[in-house]
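# Predicted model and sequence below, questions to follow.
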Protein chains: 2
Amino acid sequence: MGAAHLPGPGGRVRSCFERQPWIAHPVIVPPFACRDNAVRTPYRRGKTAGTPGVGRGAAWYPSGMPEHDHLTDHEADQLDAHWRALNYLSAAQLYLRANPLLDEPLRPEHIKPRLLGHWGTCPGLGLMYTHLNRMIRRTGRRTMAVWGPGHGAAAVLAGAWLEGTYGELDPDASRDRAGMLRLFRDFSQPGGVPSHTAPDVPGSIQEGGELGYSLAHAYGAAFDHPDLLVCAVIGDGEAETGPLAASWHSNTFLDPVHDGAVLPVLHLNGYKIANPTVLSRLPREELELLLRGYGYEPVFVTADTGTPPAQAHRELAAALDGAVERIDALQQAARSADGPPAGQAEDRPHWPMIVLRTPKGWSGPRELDGLPVEGTWRAHQVPLPAVREDAEQLRALERWLRSYRPDDLFDEDGRPRGQVLEWVPEGSLRLGSVPEANGGRLLRRLPLPALEPHAVPVERPGGDAHEPTRVLGGMLAELMEATRERRDFRLFGPDETDSNHLDGVYEGSPRGWQAGYKPTDEHLGRHGRVLEVLSEHMCQGWLEGYVLTGRHGLFASYEAFANLVASMVAQHVKWVHSAREVTWRRPVASLNYLLTSHAWRQDHNGFSHQDPGFIDHVLNKSPDVVRVYLPPDTNTLLCVTDHALRTKDTVNLIVAAKHGCFDWLDLEQARAHCARGLGVWEWAGTERASEEPDVVLACAGDVPTQEVLAAASLLRSWLPRLAVRVVNVVDIARLTQPSQHPHGLPDPDFDAVFTRDRPVVFAYHGYPWLVHRLAYRRAVHELMSVRGYREAGSTTTPFDMVVRNGMDRYSLVMDVIDRVPGLATRAARVRQAAADLRERHHWYIREHGVDMPEVVNWRWPGR
Amino acid sequence: MGAAHLPGPGGRVRSCFERQPWIAHPVIVPPFACRDNAVRTPYRRGKTAGTPGVGRGAAWYPSGMPEHDHLTDHEADQLDAHWRALNYLSAAQLYLRANPLLDEPLRPEHIKPRLLGHWGTCPGLGLMYTHLNRMIRRTGRRTMAVWGPGHGAAAVLAGAWLEGTYGELDPDASRDRAGMLRLFRDFSQPGGVPSHTAPDVPGSIQEGGELGYSLAHAYGAAFDHPDLLVCAVIGDGEAETGPLAASWHSNTFLDPVHDGAVLPVLHLNGYKIANPTVLSRLPREELELLLRGYGYEPVFVTADTGTPPAQAHRELAAALDGAVERIDALQQAARSADGPPAGQAEDRPHWPMIVLRTPKGWSGPRELDGLPVEGTWRAHQVPLPAVREDAEQLRALERWLRSYRPDDLFDEDGRPRGQVLEWVPEGSLRLGSVPEANGGRLLRRLPLPALEPHAVPVERPGGDAHEPTRVLGGMLAELMEATRERRDFRLFGPDETDSNHLDGVYEGSPRGWQAGYKPTDEHLGRHGRVLEVLSEHMCQGWLEGYVLTGRHGLFASYEAFANLVASMVAQHVKWVHSAREVTWRRPVASLNYLLTSHAWRQDHNGFSHQDPGFIDHVLNKSPDVVRVYLPPDTNTLLCVTDHALRTKDTVNLIVAAKHGCFDWLDLEQARAHCARGLGVWEWAGTERASEEPDVVLACAGDVPTQEVLAAASLLRSWLPRLAVRVVNVVDIARLTQPSQHPHGLPDPDFDAVFTRDRPVVFAYHGYPWLVHRLAYRRAVHELMSVRGYREAGSTTTPFDMVVRNGMDRYSLVMDVIDRVPGLATRAARVRQAAADLRERHHWYIREHGVDMPEVVNWRWPGR
C-alpha cells in the first residue's frame, strides 16, 4: 500500500494536496460554512481558510492546467503512447481480420465481413486503464477495476493484451503479431469473445450487457478487502439507471477499517446510443451538488475534442494521485488509534471521486459524410460502418488507425515498444491479474457450524413447531462468529432481517452502518457484516461483487420482491455459465438466496406481496447453475442452507417459512431426505408394504406440506381403508429428467416414488404449471393434479389463502375422492363433509378475521 | 388554477415569497455565485442580493417559526382537528371491531382478534392529506396525491372517509357511526380492503406493496395534464430504492407548457421496518445538496416529538403555499409569450419540493414496557401489539385514542363536526374524487390510423422482406400526429427507439427533453411525446402513471431487459386484476409492451442480451389481464399493435423483429390470422386436402417462422411425398384451454389444427417449456417436440444462434425424420445431408463470421 502520508502528531493529515493549492480546495475544503468542530481527522470536514463555496468556477479547478510536478512531459508522452496503443488495438478489433500492423495499405479483404462492437466508450476506458496503470506502478497499490460501460470490452481486452495477462491466460493471444491478430479476429465473432466485458476478459467481474451494477459490484468487491482499491468506471448512460443511482449511497455502508476503498469515476461522454445523457447535460455546478449530496468529494477532469491529450493526462494523473492520497488519509485516520470511536463519528467519510468528461469516440473519425462523429452519438458503435464497400471510408479508417502511429507503438513482430509499457505494472498488480477479480483463487471453505446444536428435537412428526428462519438465525450467528477474523461471510437484505425472523444473527454480527447513530437504534455497528438497505438491487449487486471476489454470502428477502432482481440473477447465471467455460476462471462461491415471508403467509400484507414466480424465472436459466430448494420444516432448512453454503458456481434458491411450522423430521431424517431431494414419508401414509397405493399425495413447500399432511390425517380418519402415499419434494429439479437438469431423477426412480399409474394430487408452493413443465414426460403425468398459487386476490389468513387457491386440506380430500377410480360414489358423504367444512371456514374467517379453531388447533395425529 | 401571481411587466415574478423574507431565500435564491445573466424568468436562477450559500443553517429556514399571515390560530385549530380525526380513524382501523366512538371503556371484545396494519407512517400521510385539502380549498387547484408509503392505507382511507368520497363509492362506509365501523372492520381483513393503498382506495393510482415507484407514477400522471398538480409523498424507506433514486431526474423530461406539475414531498420519519433510513441520517446540509443536485428547490419542514402540532401546521401550510406559488410562476413563465423559446433555455425549471421530517408514529404511544415507541422503528406496524390480552396495553390504547378527543371530532352519530371539515374541498376537487385518479373516466378512444397505407404489399409469401418495427414506426408517427392536440398517447423507451428501428415515429413527435441542447442532438424537442431515459424502471413507472390517469402508451424495449421491470409489471397486473373487482373503477387503457432486439438477433451483443423469459413471467399472472403476441412479420405486427392499442385493462406483450424479416401475409391475411390467433398456413404445407398430414411443423415468433418455412421448403424438395402441415401461432395463449386463459382454444379446435395423433415439431421463440406448460392437456401433447431458446451461450450470427439452440432448419428436418413413423429408414440419406449441412455451417461461420450463402440467400420457393 502506498500510504506514505500518515497523520502527523497533531492528528492533522499531511497530504500532497496541501503542497498544491490548485487541488487542495476541491478535496478538503468544505462546501458548507464552518462548523465549530476543530479539524482532527478527515472524518470531520476541514476548516476553510477563506470562504470558498461550491462550484466557484475557476477557483474550484483550473480549466487551464498549469505544469506541475505530477507528470513530466516525458511521462506524459509515455502514458500517451500506452493510450494510443489501446485506441489502436480497440479500433482494430472492430475492423481487422488481417494486416494487423498496417504493413500494407488497407484493402477490403483485411476487413471483417461484419463489423460489430462499440467504439464510443473505448477511448475513455482506455484512458482510465492507462492512468490506473500509472497509479498502481507509482503506489504499488492493489487495484481492481469494474468497467461499467461494459460495451467497451475492446478497450479492456486491449489493456489486458498490452500488459501481457491476456496472452498468459490464452497463449494464442500472445503479445506479438500473431497474438494481436488473434485478439482482433476473436473479438465479437462466433467462437470468440463477446463485445461486452464478460468472463473472458481478464480482471473483470462484471458482465457488461445489462447496465447499472458497476458501483454496487465495486462496493461488494471492496467489502472486507481492506487493502484493495476498486475503481468503478461508471458510464453516464448507466448512471441513469435506478440501481446505479441508488448505489452511490453504498458509502453509508463501507467500513473504512475493514473494507477497502471504492473510487468512482463518472465517465461523461455525453451520449448514449442516440440520446444525450442526463448527467452530462446538468449544469456543472448542479452535478457537483448532486455528487456532494451523495457524500463524495468530486474532482472534475474535462477534455473536449480539441484538448491536447497531454493536458488530459496531466489533469487525470493529478486527480488520481490526489484521490489516492485522500483515500490513504481517510483509511489511516479510521484505522489509527485516534480514529473516531465506533459509533461516535457523526458522519461517514467523504470519499473522493473523479468526474471524467471526454468526447465520445475521442480520437476517432471527426466526421462522416459531413456529419460530426467524434463527440456525438454517431460514435457509439462502428463509426465507419461501410469500410468494406466504400473506398473512401476505407481510406478514412486507415488514416484513423495510422493517426496512432502504430510503428512507434509496436515493433515489426507486433511487440509493444518500451515506452508503451513503461507504466504497466508487473505480476499480480496488473489489472488483468489481480487475484480478487478471479475470486476463486482466494476462496476458502467456510467454517460451517455443526448443525446438531441448532437442530430442533423431533420426538414424533408434528409434535412441535418452530420458526425455521429463527432457528437458522442462530446458525448464521455462529457462522458470523466463526468468520469474525476472516471476514469472508456476509448476510444481505432489504431491511427485512428482523421481519424475516433472522435477527438471531445479530448475536454474531450487527448490521453495518457508517452514518449517524441515535439512541433508539439497535443492532447497528461500524464493523457489522449484516448489510441492510431498502434496495434489492444494491443487496444483489453487493453480494455478486462479494462472491465474485472470493467470499461467501446469503441474500435473504421477501419472496415476492425477489423479482426486483430477476434480471440481475439472470445475468449472474449467464456469468457463471460462461465462466465455467473459461479455463482460467476458478470456481467461486454460489450465490445464495433465502426467500421467506412467502406468498402463503402475507398476513400483514396483501395481494401485492404474493409472487412465487422467482422460482420459475430461475429454473428457466442454465440448468448446470440453478438449484431450487423448498425445505418443509426447520431441520430441512438447516440442512439445505448448510449444503448451499458449501457449493460453488451455482445459484441456490431456498424458499422457507418464517412463521411457526410443524417439525416433521429430526436432523438425521432431514439430512437423508435433503440428500435424496424427495422421498416417501412412510409414517404419513397408509399404504400396505406390498402394494401400490391408491393415491399419491405429494407436496413441496411448507404450507403445502402442512395441508397435505392435514388431508392425509383426514383421509386416515374418514377413509381408513384408502392406501395413501405421502411424498415430499425438497429439491424441485428432481421432478424432471437428468437430461434436463443435473438433479433430474431417472424415470425408474421417479416412477418408484410417484408410481406410473396412480392418481397424484400435488400441492406445490408456486405456480402449478411449473410442476407440469418439469414432469410432463413422466409416465404418471396425465394422472397428476397440481394445486398451487394462482393470483386469487387479497387475503390475510393462511387458511383463507389456501382455500382461495384450492390447496386447502378439504379441497385436497375432495380431489383425492374425485380421482381415485370408484371412490366418488363410495365416499360421497365424506366428500360432502369436506365441502361443508370448506364453506364453513369461509364465513368464519369473514366474521372473526382468523382461521376456525379446528384448523388453528389441528395437529398431526401420529399413529 | 390558483395562478394569482403572474410575472410583472419586467418579467420578474411577483410571489408571496418576496413579502416573506423567511421563505424567500430557499426558493428563489441561487445556491451558486451569481451569473452574468440578468434574471428574466424563473427559468434562470434569481440574482442574489447578499451572499447566501447553501445550507446556511438559521438563515435558510428558521427553526422557530414566527407567527405570520399564512395561518391564523383558528385555522391551525381547524387543520389540527382534521389531522386528529385522521389519526383517530387510522389507529382505530388497526384495532377496533366495535365501540367505534369509545362510547364506553374499551374492552377486549372491542378489539380485532388479529391486529394488522402499519401505524408508523400514518400520521405523516395524514398531515399531508390535511394540508393538501387546505391548499386545494384555498387555490381551487385540481390536485392528486400519490402515496409512496403505501403501507399507510389506513391514513388515506381515513382521509377519503372524512371527505365523503369513500362513503359515496361504497354506501356501506357512509360518513356516520355505522360507516365508521365498517371502515374499521374492513381494514386488512379477509373480504375487506388491504392494508396497502390498492385500487379500493379512492384517489390512489399506486399499489403500496412494492416500494419505489411513487415519483415515477406522479410524473406519469402529470404528463399531458397541464392543469393538474400531482403531489408525490415519498417515504424515506422507498427513497433508498433504485427506481425512486433515478426518478428524481424525471424533471429533465417534464414539459412545463403541456405537462402538469409534480410536487415531491420527501417524508423523513427516520426508520424503516427495523433500520434507520439513509436519507434521514444524512447531515441536513448534505441532503439539501443532494436534492438541489437533482434539480429541485427544497423547503424543509421539521417536527420532533415535542413540536407543538400548531407549529408544524404553520410551517407546512407556508411551505405548501410557497411551493404552489413557485409552480404557478414557473408554469406562467413557460406558458407566456416571453417564456424561453423552444430549445433555448439553458436548463429545465427548478421545481419546488418539501422535505417533511416528523417522528415515526407521531402522536401515538410514546413508549411500551419502558422502551420508546414514537419516533422509532417500534412504531412501524402495531405499536401496542397485545391489547386483547394485556389490560395495561388496552388502557394505553384507550388513552391514545382519547388523546385525539373524538367527542370534539365526531357527533353522537359519528358524523364529523364542522371544524373537522372546514378545509375539506368539495366535489371532484376532493383527493378521493379527482377524476385523473380513476383514469377510465377520462379515457378516449385513440384515433388509430388506417393500416392500409402502412401495410407492406405481399404478392407472394416471402417474396420480399421488411423490418417490422420500422414499418410500425411510420404508423406510430401518424398516431403521434393524430394526437398532437389531444396529447393522450406517448411512446416510452430506454434510449432504444433508434436501435429498435422505430425512429420513424419522430416524424410525428420528437423526444421530449428539458435540459440543455447541443447542435449534434437530433429529434429532441421541448414538447416531444417520445420519452427516453436509460431506466426501464422510469419508463414503466411513467407509463403506468400515464395509463392509470386515462391515457394511452407503448413501452418499446430490448426483450432481454424487460426483465428489469418484471416485478413492476406483476404489480400492475395485480392492480388491474383488483381494480376490475372495484365497481367504481373504470377500465383504463392497456399497458402495451413492444419487445424487440430479441434473443435471436443480438448480433452486436452477446449472451447477456438473450432472455425471452419475460413472456413466461407475464403468462404466470392473472389470465384475465395478460396477453402475449408473437407476430411473425410486418403486417401481423401492424395488426397486433392496432389491436393492443384498442384494448382496455390488459397487459399486452408484443415480441417482434426489428431486423429484415420476410413478409408472409398481406394485410387482409394478417388480419384474419391475428383474429384467429393461430392457423394453418396452407400455402406452406404439402398435405392433401382429405387426409391428416404426416407431420405438423409449428412455429411462433419471427425467427422460428423463418426456420420452419425453410425446413418446410427443404422437406418439399427432399421428401416431396411427405405431407407436411405448417402452423403459425401469433397469440400464444391459444395453446391452452379456455379454462386456463380467456384466449384458450377449445380442444376440438386445437385438435383440428394440430391433429390428435401426428408428430408436431414446434419451433418456439422462447424457453421451450412454456409450450409444454400451455399444451400439456392436449391430445397430441405426447407427440410434441418443442425447440426454443436454451441458454446456449454467446454468438453473433442469427444462424449460429438457431443451431446452438437446435432450432435451425436442418435440425428441424432431422427431427421430422426421426419422429414420423417409419421415415428414419427411408430418409436416412436426407437426414445425413441435413446433418452435414449443419456441420458445414459451423465451420463456415467460425471462419467468415457470417452465415453461409445458402442460408443468407434462402428464399421461400413458392409453389
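That came in fine, so what should we check first?
# can you list the weak-confidence ranges in the stretch 401-550 of chain A?
Within the stretch 401-550 of chain A, not a single segment meets pLDDT under 70.
# Actually, chain A.
A:1-69, A:338-346, A:604, A:862-863.
# Around residue A:786, count how many other residues there are.
Residue crowding around residue A:786 was assessed by other CB atoms under 10 Å in any protein chain shown; the count is 18. (C-beta placed from N, C-alpha, C; glycine too.)
# ok, the residue lying closest to it once chain neighbours are set aside - contacts?
Distance criterion CB to CB, 6 or more residues apart in numbering or on different chains; nearest residue to residue A:786, sequence neighbours excluded, is residue A:768 at 4.0 Å. For residue A:768, the contact set (CB atoms under 8 Å, 6 or more residues apart in numbering or on different chains) comprises A:762, A:786-790.
# Residue of the stretch 101-250 of chain A closest to chain B, please.
Of all residues in the stretch 101-250 of chain A, residue A:209 sits closest to chain B, at 2.5 Å by CB to the nearest CB.
# Next, count neighbours for that residue.
Residue A:209, neighbours per other CB under 10 Å, totals 27.
# what pairs with residue A:654 across the strands?
For residue A:654, the beta-bridge assignment (DSSP bridges) gives partners residue A:594, residue A:629.
# where's it relative to residue A:850, distance?
29 Å (CB to CB, to the nearest Å).
# Please apply the same query to residue A:368.
Counting by CB to CB, the separation of residue A:368 from residue A:850 is 72 Å.
# quick one: the strands in the stretch 651-800 of chain A?
A:651-655, A:661-662, A:678-680, A:695-700, A:724-729, A:760-764, A:784-787 (DSSP state E, counting those that start in this stretch).
# Now residue A:657: closest residue in space, sequence neighbours ignored.
residue A:702 (4.1 Å).
# show me the contacts for that neighbour.
Here residue A:702 is in contact with A:468, A:600, A:630-633, A:656-657, A:661, A:765 (criterion: CB under 8 Å, 6+ apart).
# before we move on, back to that, let's have the contacts of residue A:768 in JSON lines, adding distance to residue A:396.
Converted to JSON lines, those look like this (distance: CB to CB, whole Å):
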{"residue": "A:762", "distance to residue A:396": "65"}
{"residue": "A:786", "distance to residue A:396": "63"}
{"residue": "A:787", "distance to residue A:396": "66"}
{"residue": "A:788", "distance to residue A:396": "61"}
{"residue": "A:789", "distance to residue A:396": "60"}
{"residue": "A:790", "distance to residue A:396": "61"}
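# Widest-spaced pair of those?
Pairwise distances across these (CB to CB) peak at 14.0 Å, for the pair A:762 and A:790.
# Looking at the two, which is more packed in?
residue A:762 (27 against 17).
# Compute the distance between that one and residue A:812, please.
From residue A:762 to residue A:812 the distance is 10 Å (CB to CB).
# now do residue A:778
Applying CB to CB to residue A:778 and residue A:812 gives a distance of 20 Å.
# quick one: which of those two has more around it?
Higher neighbour count among residue A:778 and residue A:812: residue A:812, with 28 against 20, using other CB under 10 Å.
# before we move on, which element is that one in?
Taking DSSP states H and E as the criterion, residue A:812 maps to helix A:809-819.
# What are the contacting residues of that helix?
Outside helix A:809-819, the residues touching it (CB under 8 Å, 6+ apart) are A:695, A:697, A:707-708, A:710-711, A:714-715, A:718-719, A:722, A:724, A:759, A:761, A:763, A:783, A:785, A:787, A:802-803, A:823-824, A:827, A:830-831, A:834-835, A:837-838, A:841.
# Which of these are buried? Put it as a ChimeraX command.
Entered in ChimeraX, the line below selects the buried ones among the contacts of helix A:809-819, by 16 or more other CB atoms under 10 Å in any protein chain shown:
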select /A:695,697,707,708,710,711,714,715,718,719,722,724,759,761,763,783,785,787,802,803,823,827,830,831,834,837,838,841
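# re the thing from before, so what does the residue nearest to residue A:786 have for phi and psi?
In terms of degrees, to the nearest 10, the main-chain angles of residue A:768 are phi -60, psi -20.
# now swap in residue A:648 and tell me
Main-chain torsions, residue A:648, degrees, to the nearest 10: phi -130, psi 150.
# Just give the closest residue to residue A:493, not the sequence neighbours.
Per CB to CB, 6+ apart, closest to residue A:493 is residue A:556, 4.7 Å.
# for the one you found, what are its contacts?
A:469, A:491-493, A:496-497, A:500, A:502, A:593-596.
# How about residue A:536?
A:494, A:557, A:561-562, A:564-565, B:241.
# can you rerun that using 6 Å?
Counting by CB atoms under 6 Å, 6 or more residues apart in numbering or on different chains, residue A:536 touches A:494, A:561, A:564-565.
# What of residue A:454?
A:474-475, A:638.
# hang on, the earlier thing: want to throw the contacts of residue A:536 into JSON lines with secondary structure and neighbour count?
Compiled in JSON lines, these are given as follows (DSSP: H, G, I helix; E, B strand; the rest coil; neighbours: other CB atoms under 10 Å in any protein chain shown):
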{"residue": "A:494", "secondary structure": "coil", "neighbour count": "29"}
{"residue": "A:561", "secondary structure": "helix", "neighbour count": "24"}
{"residue": "A:564", "secondary structure": "helix", "neighbour count": "31"}
{"residue": "A:565", "secondary structure": "helix", "neighbour count": "30"}
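# ok, so of the residues you listed, who is nearest chain B?
Using CB to the nearest CB, residue A:564 is the member of the contacts of residue A:536 that lies nearest chain B, at 4.6 Å.
# hang on, isn't that closest one packed against residue B:566?
No: using CB atoms under 6 Å, residue A:564 makes no contact with residue B:566, being 8.0 Å away.
# then the host helix or strand of the residue nearest to residue A:493 to CSV, C-alphas only?
Using DSSP H and E, residue A:556 falls within strand A:552-558. Output of strand A:552-558 as CSV, limited to C-alpha atoms (Å, rounded to 0.1, in the frame of the first residue of the first chain):
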residue,chain,number,x,y,z
HIS,A,552,-19.4,-16.1,0.6
GLY,A,553,-22.8,-14.7,1.2
LEU,A,554,-26.5,-15.0,1.6
PHE,A,555,-29.3,-12.7,0.4
ALA,A,556,-32.5,-13.0,2.5
SER,A,557,-35.5,-11.3,1.1
TYR,A,558,-39.3,-11.4,0.8
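# Starting from that strand, tell me the next helix or strand along the chain.
That would be, after strand A:552-558 and using DSSP H and E, helix A:566-579.
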